[in-house]
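Novice: Predicted structure and sequence below. I'll ask about it afterward.
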Amino acid sequence: MALCSVGRPLLQNTRHALGWFFKQKQTFCCKVHDSQEEEIRKKLQLFPGGSIDLQKQESGIAVMTVNNPARMNAFSGSMMTELEERVCELETWTEGKGLIVQGAAGTFCSGSDLNAVRAISNPQDGMKMCMFMQKTLTRLLRLPLISVALVEGKALGGGAELTTACDFRLMTSDAMIQFVHKHMGLVPGWGGAARLVRIVGSQNALKLLAGSRKVDPDFGKQIGLVDDVLTVGEGNTLVDTERWLSQFTKGSAPVIRAVKKVVLSGRELSLDEALTTERHVFGTVWGGPANLEALARKTKHK
Ligand SMILES: CC[C@@H](C(=O)O)C(=O)SCCNC(=O)CCNC(=O)[C@H](O)C(C)(C)COP(=O)(O)OP(=O)(O)OC[C@H]1O[C@@H](n2cnc3c(N)ncnc32)[C@H](O)[C@@H]1OP(=O)(O)O
């Protein structure tokens, strides 16, 4: 029996939505052994220095630190491959609820290590580095964790792009975000332009990219790039950030992770496909421990 005209799109949407949903799970196999990606990993590892540190806490909040303070936390080649390894770890961390991305020594990240950039400046290698970082940052944003970039000091170039690969951005009162790419004769290459337009809109994205405008906390909040400002000197910024993030991560990990998945699909899929994914995710929490416990409590929400 031919599918009625409504049935066929629905079936296609369902197939595509579930394909998208299970692809999220498939990336949990971490490194796909694609020979081209192996080649770029080997090339990037020729440029050592610094590290990407990860601390997964009992609370379900992980802290990832871009750690290369001698170079204002610029990404060396080996830090790019380490970032992929940490994202892989987080993709399989089933107890996880939230992620804070920060820089070491009171500053965020000053983009690619310019020494490495000079060494891989031919178009082919540049494109491979760009694809590697685009894919890694897309997977970072798609983690089933609620993520926040804690921006202290400076986030420049690829460092500014890294902030857009988190769900939220907090800045300390003296911090600055700047997409300096135009000064380098470049445009963002790590996916930062595509994400920036979705965060602040195309006109503000043009101001930040074509104008290389310095974003201070007030302007950042005004355009929606920055979600809150932490006052410098009034306590520990990481503790303050964990407290800020806890407003979204209090409660059952499966439910928090399900919330991120349905919001992600709403952001990335067509309405019909997102509705299909939402139904599927709903089915994973309906009648689950948190749902049954809440029903047993029969509490009235304030
Ligand atoms: C897709 C985008 C991506 C790409 O195209 O691959 C990029 O991100 S390109 C890089 C974009 N980033 C920049 O252009 C920032 C360059 N750095 C600066 O503008 C300044 O260093 C700073 C971040 C504003 C800090 O200035 P300041 O406080 O005056 O400190 P110094 O400049 O003295 O820096 C201290 C130390 O750190 C080294 N450094 C800083 N940034 C980088 C970097 N991106 N790559 C390599 N090294 C970096 C700087 O050279 C100093 O080292 P020493 O000279 O050895 O002391």
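Specialist: Sure thing, it's come through.
Novice: use CA for all of it now, contacts and neighbours both
Specialist: OK.
Novice: Could you pick out the residues of the stretch 151-300 of the chain near the ligand for me?
Specialist: Contacts of the stretch 151-300 of the chain with the ligand, taken as C-alpha under 6 Å from any ligand atom, map to 156-158, 188-190.
Novice: List buried residues within these.
Specialist: Buried by 16 or more other C-alpha atoms under 10 Å: 156-158, 188-190, out of these.
Novice: got those as TSV, with distance to residue 272, pLDDT and secondary structure columns?
Specialist: Output for these, formatted as TSV (distance: C-alpha to C-alpha, whole Å; pLDDT from 0 to 100; DSSP: H, G, I helix; E, B strand; the rest coil):
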residue	distance to residue 272	pLDDT	secondary structure
156	38	98	strand
157	36	98	coil
158	34	98	helix
188	31	97	coil
189	31	95	coil
190	29	97	coil
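Novice: how about the strand or helix carrying residue 37: buried residues?
Specialist: Here residue 37 sits within helix 35-44, counting by DSSP states H and E. Neighbour-count burial for helix 35-44 flags 37, 40-41, 43-44 (criterion: 16+ other C-alpha under 10 Å).
Novice: what about the protein, any weak spots by pLDDT?
Specialist: Scanning the chain for pLDDT under 70 picks out 1-33, 299-302.
Novice: let's see it at 50
Specialist: Scanning the chain for pLDDT under 50 picks out the ranges 1-4, 6, 26-29.
Novice: Show me the strands in it, by range?
Specialist: Secondary structure of the chain (DSSP state E): strands at 51-56, 61-67, 98-103, 146-151, 154-156, 168-172, 176-178, 228-230.
Novice: sorry, back to before: can I get the buried ones among the residues of the stretch 151-300 of the chain next to the ligand in JSON lines with distance to residue 72?
Specialist: Output for those, formatted as JSON lines (distance: C-alpha to C-alpha, whole Å):
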{"residue": "156", "distance to residue 72": "10"}
{"residue": "157", "distance to residue 72": "12"}
{"residue": "158", "distance to residue 72": "12"}
{"residue": "188", "distance to residue 72": "19"}
{"residue": "189", "distance to residue 72": "20"}
{"residue": "190", "distance to residue 72": "19"}
